[in-house]
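In: quick one, structure for this:
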Amino acid sequence: MRFATLIAAAAATTLLPLAAAAQTGPAPSFLMDYVVGSAQAQTTPGAPQINFRVEPDFLKLPDDVYMAEVVGAAVSSKGNVLVTHRGTRSLLEFDKDGKFLRSFGDGLPIFEGPHNARYDAQDNLWYVDAGNNLIVKFDKDKRVRMVLGRRPEAWTWKTHVIERAAPSRENFYQPTDVIAGPDGSLYVSDGYGNSRIAKYTKDGVFVKDWGTRGAQPGDFNTPHNLVMDAQNNLYVADRQNGRVQVFDTDGKFLREFRPGGNPWSLCITPGPDQVLFIGSVGRIFKVALDGKVLGTIGRYGKTPGTMDWVHGIACPDAKTVFAAQELSWRLDKLILE
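Out: All right, here's what the predicted structure looks like:
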């Protein structure tokens with residue numbers, strides 16, 4: 001979000017003394033995330049560093065295509081790589097070798113605040129725009145098939161001020177992510193303005209929501225990313241609370257775990273032995289489904305091989321990770337040893 005960028009800039013002149021003071025007392029997660037985390041990647045006791053290499057110049061961009069803040073990465077069943085970024089032509093698709101295939105959605109009035117995009121099991125693409133409060137489904141031919149939410153319309157304030165003053169429960173206030181369950185049910189993390197998870201049918205009909213702003217089990221402070229495991233457990237990156245919370249598909253709280261840094265992005269590997277990769281500030285955590293940290297990847301920096309804000313992440317297998325680097329305007333393909 002642009003808000004995060006403004007806060008990071010302010011930290012350079014106003015918050016760094018507070019980060020130093022944090023050595024003698026606990027610092028709020030907000031400061032740990034944006035200030036201490038940006039100074040150096042912290043280590044998790046007992047978790048080994050995982051060696052990796054960056055595939056050099058993986059994305060082959062045409063001469064007239066550029067990327068701004070890279071905020072999302074997704075991989076289709078064919079191995080195609082989708083990059084979401086905050087520049088023009090915000091959705092870019094590449095083949096498994098990094099060859100540029102196309103951009104799509106160009107000209108649609110949906111790209112106010114690109115936040116993430118994910119493929120479902122049928123290779124439909126679900127795009128999330130936090131600025132326009134929209135979730136948009138594209139089919140395999142990249143045609144719009146569903147829209148959840150409603151984008152702000154300035155003219156409605158002239159005649160419908162009260163009706164538009166607050167979004168209804170089926171609409172959003174700066175959503176951050178969406179996933180589809182095996183039965184087609186949809187789950188949305190909503191998000192920056194709200195602090196909840198919203199559930200919809202496969203036809204886009206609102207079912208229920210759960211969560212409010214807070215730090216107790218089932219509360220959220222910036223629910224930022226979602227994944228689901230093979231047992232249909234829902235994992236939520238509760239970013240500013242520094243934890244991942246786990247729920248069943250009806251919103252029943254099951255457990256939580258804290259990887260050791262604020263979780264910005266989540267992906268889960270396919271197959272019988274699933275693991276999570278959790279993007280954070282300056283590093284990525286490899287985590288078992290019970291919350292045990294198996295290893296950490298990377299350190300803070302702005303060049304390939306280092307990491308800044310890992311805003312989006314994709315893991316088609318346990319040895320390959322795509323890391324969306326928001327501050328560096330870059331997508332890295334990491335090969336783990």
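In: alpha carbons only for contacts and neighbour counts from here, please
Out: Fine.
In: quick one: low-confidence ranges for the stretch 51-200 of the chain?
Out: Along the stretch 51-200 of the chain, the parts satisfying pLDDT under 70 run over 156-158, 160-166.
In: in it, which spans are strands?
Out: 52-54, 70-75, 81-85, 91-94, 100-103, 114-119, 125-129, 134-138, 144-149, 175-180, 186-190, 196-200 (DSSP state E, counting those that start in this stretch).
In: packing partners for the first one?
Out: Of the remaining helices and strands, those touching strand 52-54 by 3 or more CA pairs under 8 Å, 6 or more residues apart in numbering; DSSP states H and E are strand 330-336.
In: care to break the chain down by domain?
Out: Listed domain ranges for the chain are 1-39, 42-336 (source: automatic domain parsing).
In: dump the ones you listed to TSV, plus mean neighbour count.
Out: Formatted as TSV, the domains of the chain follow (neighbours: other CA atoms under 10 Å):
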stretch	mean neighbour count
domain 1-39	15
domain 42-336	19
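In: that older thread, closest to residue 332 out of the strands of the stretch 51-200 of the chain?
Out: Evaluated over these, closeness to residue 332 peaks at strand 52-54, with 6.6 Å, by CA to CA.
In: strands paired with the closest one, and their directions?
Out: strand 330-336 (antiparallel) (DSSP bridges).
In: who's in contact with the strand it pairs with?
Out: Strand 330-336 is touched from outside by 50-55, 58, 67-70, 73, 83, 304, 319-325, with contacts defined as CA atoms under 8 Å, 6 or more residues apart in numbering.
In: what mean pLDDT does it have?
Out: Taken as a whole, strand 330-336 has an average pLDDT of 98.
In: alpha carbons of it, as PDB, please.
Out: Listed in PDB are the C-alpha atoms of strand 330-336, where the atom choice follows Å, rounded to 0.1, in the frame of the first residue of the first chain:
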ATOM      1  CA  ARG A 330      11.700  -6.900  -9.100                       C
ATOM      2  CA  LEU A 331      10.600 -10.600  -9.200                       C
ATOM      3  CA  ASP A 332      13.200 -13.100  -8.200                       C
ATOM      4  CA  LYS A 333      13.200 -16.800  -9.100                       C
ATOM      5  CA  LEU A 334      15.000 -18.600  -6.300                       C
ATOM      6  CA  ILE A 335      16.300 -22.200  -6.600                       C
ATOM      7  CA  LEU A 336      16.800 -23.700  -3.100                       C
END
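In: for residue 104, which residues are in contact?
Out: Contacts for residue 104 (CA under 8 Å, 6+ apart) come out as 89, 91-92, 142.
In: how about residue 214?
Out: The contact partners of residue 214, by CA under 8 Å, 6+ apart, come to 220-221.
In: what do you get if the cut-off is 10 Å, keeping everything else the same?
Out: Listed by CA atoms under 10 Å, 6 or more residues apart in numbering, the contact set of residue 214 reads 195, 220-222, 241.
In: what of residue 327?
Out: Taking CA under 10 Å, 6+ apart, one finds 5, 68-71, 301-302, 307-311 in contact with residue 327.
In: any idea which element it lies in?
Out: Counting by DSSP states H and E, no helix or strand carries residue 327.
In: now do the residue of the chain positioned farthest from its centre against residue 137, distance only.
Out: Largest separation from the mean C-alpha position in the chain: residue 159, at 35.7 Å (CA atoms, centre = their mean). Counting by CA to CA, to the nearest Å, the gap from residue 159 to residue 137 is 30 Å.
In: including distance to residue 270, could the strands of the stretch 51-200 of the chain go into a markdown table?
Out: As requested, the strands of the stretch 51-200 of the chain are exported to a markdown table (distance: least, CA to CA, whole Å):
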| stretch | distance to residue 270 |
| --- | --- |
| strand 52-54 | 20 |
| strand 70-75 | 12 |
| strand 81-85 | 16 |
| strand 91-94 | 21 |
| strand 100-103 | 25 |
| strand 114-119 | 13 |
| strand 125-129 | 18 |
| strand 134-138 | 22 |
| strand 144-149 | 26 |
| strand 175-180 | 15 |
| strand 186-190 | 19 |
| strand 196-200 | 23 |
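In: so which of those gets nearest residue 237?
Out: Closest to residue 237 of those, according to CA to CA: strand 186-190, at 9.2 Å.
In: strand partners of that closest one, parallel vs antiparallel please.
Out: Based on DSSP bridges, the pairing partners of strand 186-190 within the sheet are strand 175-180 (antiparallel), strand 196-200 (antiparallel).
In: any idea how far residue 89 is from the residue farthest from the centre of the chain?
Out: Shown here: residue 159 relative to residue 89, a distance of 34 Å by CA to CA.
In: dihedrals phi and psi, residue 122?
Out: Taking degrees, to the nearest 10, you get phi -100, psi 10 for the backbone angles of residue 122.
In: I'd say it and residue 137 touch.
Out: No. The pair residue 122 and residue 137 fails to qualify as a contact (CA atoms under 10 Å) at a distance of 11.7 Å.
In: show me which of the contacts of residue 214 is closest to residue 79.
Out: Residue 79 lies nearest to residue 222 out of those, by CA to CA, at 30.3 Å.
In: next one: phi and psi at the closest residue to residue 140 other than its chain neighbours?
Out: If you skip the residues right next to it in sequence, residue 140 has residue 124 as its closest partner in space, 5.4 Å away by CA to CA, 6 or more residues apart in numbering. Phi and psi for residue 124, reported as degrees, to the nearest 10, are phi -70, psi 150.
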